[in-house]
Structures are given as C-alpha cells and as structure tokens.
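> A structural model of the following input is requested.
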Amino acid sequence: MTAAAIPRPPAAEYAPYYSRYIDRVPEGDLLRTLADQASATQTLIGGLSEANALYRYAPGKWSVKEVIGHVTDTERVYSYRALRFARGDAIALPGFDENAWVPAGNFEARSLKDLAAELDAVRRATIALFRGLDAAALARRGTASDNAVSVRAIAWIIAGHERHHVALLHERYKV
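Numbers count the residues shown, from 1 in each chain. Next up is the predicted model:
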C-alpha cells in the first residue's frame, strides 16, 4: 500500500478530542481531499479584501487573517509530528499554545496574498510528505501533547482541522 490510500484511522490511533476533526473528513482518497481543500481554501481567501480579512465576529476572537495563520501554523506543527513519528522517532513531542502563537505570528501585519501563499506552500509540503510514506510509516505512532497518535491519524487530523476552520469562516465570519 502507498500513501495514495491513507485509510481512515480507527479511534484507537488518536485521542478522542481529535474525532472532532477526523469525523469532518469524507471517505475517499485523503491526498485528493487535501489537494481539493487547498484549492477551495485558496479560492475562498482570494475572494476577500484586506479589510474583510481583518474582520472579527466578536471582540477577542481571531481575525480572518489570524485564522489563516493559525491553520498554517497548526498544519506545519502536525506535519512535523508526522515526519518525526514516520521516521521512527520515539521522543515525545510537546503541545503548543495556539492562543499564544497567534498574537506572536503578527498575521494582521502581513498581506492576505502572503498568508495565502504560505498556506499553499505548507499544504503542498504536507501532501508531498504523506505521498512519500508507505504503509509501515503511516502506521507508526508517537506521542504528542501527552497523547499517542498514528501518522495516518495526523494526516486525517490535518484535513479535518482545516475543514473545521473553513466551516467557522463560513458560519461565524460570513466569508
């Protein structure tokens, strides 16, 4: 089996919290889903103005630019975890505090075009990583944020995390 067929992970391969992301991902070719998502998200971002990208649906909530930055940062972190675990690295990895990272990212000072380009580059790298993994690498597990997780589960979490935030952009930001 190649990564072209990354099967949906059983619940035993990830912490229950992550079902909120994995359950959002439709059945089918996960690499195709990741590529299709990238295209759809780029179209969504491309339809926004710089002013729209600064919108917050409530005080204290992230702006659209900050959501994009968060999705990019999170995908990068999860891809790194997948790489480490796929290569057999047994060192437990720490979590990260997205609520501290977003302000430190200074995303609102960057252009929307730049944020979109970075998200696209990260997604292309994510797809390339998972495309290069065989069944043994996809089945490997590691520990991150004090939870065991398989490499294949991380791939599904990445797809579901973006779907989660795109849904919030539609529902709460009216994008």
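
> so where's the chain uncertain?
The model of the chain has pLDDT under 70 over residues 1-4.

> which residues of it fall in helices?
With DSSP state H, the ranges of helices along the chain come out as 19-22, 30-46, 64-86, 98-105, 112-131, 135-139, 151-171.

> JSON lines for those helices, including mean neighbour count?
(C-beta placed from N, C-alpha, C; glycine too.) Shown next, in JSON lines, are the helices of the chain (neighbours: other C-beta atoms under 10 Å):
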{"stretch": "helix 19-22", "mean neighbour count": "16"}
{"stretch": "helix 30-46", "mean neighbour count": "16"}
{"stretch": "helix 64-86", "mean neighbour count": "21"}
{"stretch": "helix 98-105", "mean neighbour count": "13"}
{"stretch": "helix 112-131", "mean neighbour count": "17"}
{"stretch": "helix 135-139", "mean neighbour count": "17"}
{"stretch": "helix 151-171", "mean neighbour count": "22"}
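
> Which of these sits closest to residue 145?
helix 64-86 (9.1 Å; C-beta to C-beta).

> now the angle between helix 98-105 and the closest one, please.
Between the axes of helix 64-86 and helix 98-105, defined by axes from the mean of the first three to the mean of the last three C-alpha atoms, to 10 degrees, the angle is 110 degrees.

> would you list the helices of the chain in JSON lines and tack on distance to residue 53?
Formatted as JSON lines, the helices of the chain follow (distance: least, C-beta to C-beta, whole Å):
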{"stretch": "helix 19-22", "distance to residue 53": "24"}
{"stretch": "helix 30-46", "distance to residue 53": "8"}
{"stretch": "helix 64-86", "distance to residue 53": "5"}
{"stretch": "helix 98-105", "distance to residue 53": "14"}
{"stretch": "helix 112-131", "distance to residue 53": "5"}
{"stretch": "helix 135-139", "distance to residue 53": "35"}
{"stretch": "helix 151-171", "distance to residue 53": "10"}
